[in-house]
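Participant: I would like to see how this sequence folds:
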Amino acid sequence: MEAALFICSLALAIAHIIVAYRISCRERRKLLVYKIDIEAISACKNGFPRYQKILQEERVK
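Facilitator: A predicted model of the protein is given here:
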């Protein structure tokens, strides 16, 4: 009985680690996409005058 409980607990722990790792990878990919978008916007900052103003304010800080 105790061995079965231990095995169930171990299986749940492994499943938890796998799910947490997959979620972590998914969030990391979202951040990478977000960074690429920021770079694309900053490359076209002449087309976005308000965005350029925000960039200048950030540089002052």
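
Participant: residue 26: how many residues sit nearby?
Facilitator: Look at residue 26: counted by other C-beta atoms under 10 Å, it has 9 neighbours. All C-beta spots, glycine's among them, are computed from the backbone N, C-alpha and C.

Participant: which element, helix or strand, includes it?
Facilitator: Take DSSP states H and E as the rule and residue 26 turns out to sit in helix 2-43.

Participant: so for that helix, mean pLDDT?
Facilitator: For helix 2-43, mean pLDDT is 81.

Participant: ok, residue 11 to residue 3 distance?
Facilitator: Using C-beta to C-beta, to the nearest Å, one gets 13 Å for the distance from residue 11 to residue 3.

Participant: with residue 31 instead?
Facilitator: Counting by C-beta to C-beta - residue 31 and residue 3 are separated by 42 Å.

Participant: how about residue 21?
Facilitator: 27 Å.

Participant: between the two, tell me which one has more neighbours.
Facilitator: Each of residue 21 and residue 3 has its neighbours counted (other C-beta under 10 Å); residue 21 has more, 10 against 7.

Participant: burial count for residue 31?
Facilitator: 9.

Participant: go on, residue 25?
Facilitator: 10.
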